[in-house]
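Visitor: Okay, predicted coordinates and the sequence, questions at the end:
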Amino acid sequence: MNATPHRLDPAGGCPHAANARLLARGAVTPVLLPDGIEGMAVLGHDALREFLSHPEVAKGAHHFTALTEGRVPDGWPLRTFATVPGMTTADDADHRRLRSLVGTAFTPRRVEGLRPRVEAVTAGLLDGLAAAARDGDGVADLRRHYALPLPLGVICELLGVDEEYRDRLHHLSNQVVATDIGPEQALAANRELLEVIAAVVAARSARPGDDLTSALIAARDEGGDRLSPPELIGTLILMIIAGHETTLNLITNAVRALCAHRDQLTLLLDGRVPWPDAVEETLRWDSPVSYFPFRYPTRDLTVDGTLIPKGTPVLAGYSAAGRDTKAHGPDADRFDLTRRPTARHLSLGHGPHYCLGAPLARMEAAIALEALFTRFPDLTLATPESGLPRHASFVGNSVRVLPVRTG
């Protein structure tokens with residue numbers, strides 16, 4: 001690691017200025033993670049695409065050298081990403097087994113069957129947003145009243161999570177993806193998250209229903225192997241966090257972008273550009289995930305001329321790759337719904353770990369945006385973009401609140 005490592009700010013913040021500086025240095029850069037753990041980030045589009053599908057790059061925590069050598073403390077804020085049992089930390093046959101058990105719920109056909117339910121939930125939430133604005137002198141937090149409850153409600157319905165657990169699960173998910181919390185707080189959040197998920201599993205074991213958790217409890221793969229209890233818990237944690245945090249950020253970022261680019265919003269409202277194009281351009285331009293942990297080379301690996309030593313924890317720099325001028329052109333930092341991309345964005349991943357919930361996230365976001373701006377075409381931000389508090393994380397990329405005026 002010859003270049004001076006970039007110290008990732010645990011408090012998060014807008015990543016784009018730093019990304020541009022790092023990309024000017026190269027497609028791969030050394031980084032310092034919390035507690036001084038050395039890592040790397042792959043930022044360039046082409047380099048990231050290569051890295052994500054490389055056969056000698058793994059997800060299993062036993063490949064993480066600092067972890068196996070005992071240099072990563074128990075309360076490390078990113079430890080859950082590395083160690084939770086499930087699809088995101090499995091490789092090869094185990095990964096295929098776990099993915100196949102869940103994948104049937106997220107086929108395009110199954111997702112399309114959810115459309116009427118998503119539309120109905122969206123309509124109800126718009127009524128709630130309007131009521132919140134009336135109570136708040138015309139201002140309401142769109143993130144709290146609209147962007148959050150839609151994906152959280154849908155994924156919890158899919159999983160059979162009772163209403164009583166949902167707010168707590170969102171709060172704990174937020175703690176898990178935060179990178180600025182102390183070890184005691186991180187340990188407490190993870191412990192409570194495991195307890196809540198265990199309670200969900202117990203409820204579905206006692207009262208099985210037509211939901212994915214009940215199916216996973218009963219599931220056996222073709223070889224007759226059940227999910228182990230830790231794999232079941234880990235899979236549910238992954239699905240709850242990934243199933244709502246990413247879409248929450250996607251909807252939030254898209255609303256911010258469209259409010260700041262009224263000419264682009266007009267193209268949508270006039271029917272000259274389809275709403276799914278707004279989703280794709282937001283994914284590229286302001287990815288809901290900035291730096292996603294972790295992958296590990298299983299041997300010393302050279303990517304775009306930079307050596308990544310075996311066992312190094314590597315972050316996927318999705319927000320940087322989305323604005324890489326080498327892939328997306330000299331105007332990559334411009335939000336443009338009429339863009340004809342020469343390279344497909346990577347914000348939902350690539351290769352064997354491509355986001356299983358991508359069809360659902362895309363559908364939810366497109367429905368949410370069209371319904372929102374059709375009902376409130378004059379919706380504007382009530383706080384300047386510069387005054388919006390950012391996520392306290394370099395993993396998630398968004399703001400914590402989004403005050404809007406509905407008209």
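Guide: Received, thanks.
Visitor: Tell me the pLDDT of residue 208.
Guide: For residue 208, the pLDDT comes out at 90.
Visitor: Secondary structure class of it, three-state.
Guide: Using DSSP: H, G, I helix; E, B strand; the rest coil, the three-state assignment for residue 208 comes out as coil.
Visitor: dump the residue contacts of it.
Guide: Residues counted as contacts of residue 208 (C-beta atoms under 8 Å, 6 or more residues apart in numbering) are 214, 217-218. (Glycine included, C-beta is placed from N, CA and C.)
Visitor: which residues in the stretch 201-350 of the chain form strands?
Guide: With strands called from DSSP state E, counting those that start in this stretch, the stretch 201-350 of the chain shows them at 291-297, 301-303, 306-308, 314-317.
Visitor: out of these, deepest packed?
Guide: Of all the strands of the stretch 201-350 of the chain, strand 314-317 has the most neighbours on average by mean count of other C-beta atoms under 10 Å, namely a mean of 27.
Visitor: need the helices for the stretch 251-400 of the chain, in chain order.
Guide: With helices called from DSSP state H, counting those that start in this stretch, the stretch 251-400 of the chain shows them at 262-269, 275-285, 318-322, 325-328, 358-375.
Visitor: tell me which residues of the second one are tucked away?
Guide: Think helix 275-285. For helix 275-285, burial by neighbour count (16 or more other C-beta atoms under 10 Å) applies to 275, 277-285.
Visitor: same deal with the longest one?
Guide: Within helix 358-375, the residues scored as buried using 16+ other C-beta under 10 Å are 358-373, 375.
Visitor: for it, what is the average pLDDT?
Guide: In the prediction, helix 358-375 has an average pLDDT of 97.
Visitor: again, but for stretch 295-310
Guide: Rounded mean pLDDT across stretch 295-310 is 97.
Visitor: Would you mind pulling up the elements that the helix or strand hosting residue 124 packs against?
Guide: Per DSSP states H and E, residue 124 falls inside helix 115-135. Helices and strands touching helix 115-135, by 3 or more C-beta pairs under 8 Å, 6 or more residues apart in numbering; DSSP states H and E, are strand 139-141, helix 149-159, helix 358-375.
Visitor: And these: which comes nearest residue 40?
Guide: Nearest to residue 40, of all the helices and strands packed on helix 115-135, is helix 358-375, at 25.4 Å by C-beta to C-beta.
Visitor: The most centrally placed residue in the chain - nearest residue in space that isn't next to it in sequence?
Guide: The residue lying closest to the centre of the chain (C-alpha atoms, centre = their mean) is residue 246, at 3.2 Å. Excluding its sequence neighbours, the residue lying closest to residue 246 (C-beta to C-beta, 6 or more residues apart in numbering) is residue 288, at 4.9 Å.
Visitor: ditto for residue 187
Guide: residue 75 is the one closest to residue 187 (C-beta to C-beta, 6+ apart), at 4.8 Å.
Visitor: what's around that neighbour, how many residues?
Guide: 17 (other C-beta atoms under 10 Å).
Visitor: so it sits right up against residue 186, yeah?
Guide: Yes. Between residue 75 and residue 186 there is a contact at 4.8 Å, judged by C-beta atoms under 8 Å.
Visitor: Could you name every residue contacting both of the two?
Guide: Joint contacts of residue 75 and residue 186 (C-beta under 8 Å, 6+ apart) do not exist.
Visitor: In contact with the closest residue to residue 273 other than its chain neighbours, which residues are there?
Guide: Nearest residue to residue 273, sequence neighbours excluded (C-beta to C-beta, 6+ apart): residue 267, at 4.3 Å. Contacts here follow C-beta under 8 Å, 6+ apart; on that basis residue 267 touches 273, 337-338.
Visitor: run the last query once more with 10 Å
Guide: Taking C-beta atoms under 10 Å, 6 or more residues apart in numbering as the criterion, residue 267 is in contact with 258, 261, 273-274, 277-278, 336-338.
Visitor: Distance check, it against residue 142.
Guide: 21 Å (C-beta to C-beta, to the nearest Å).
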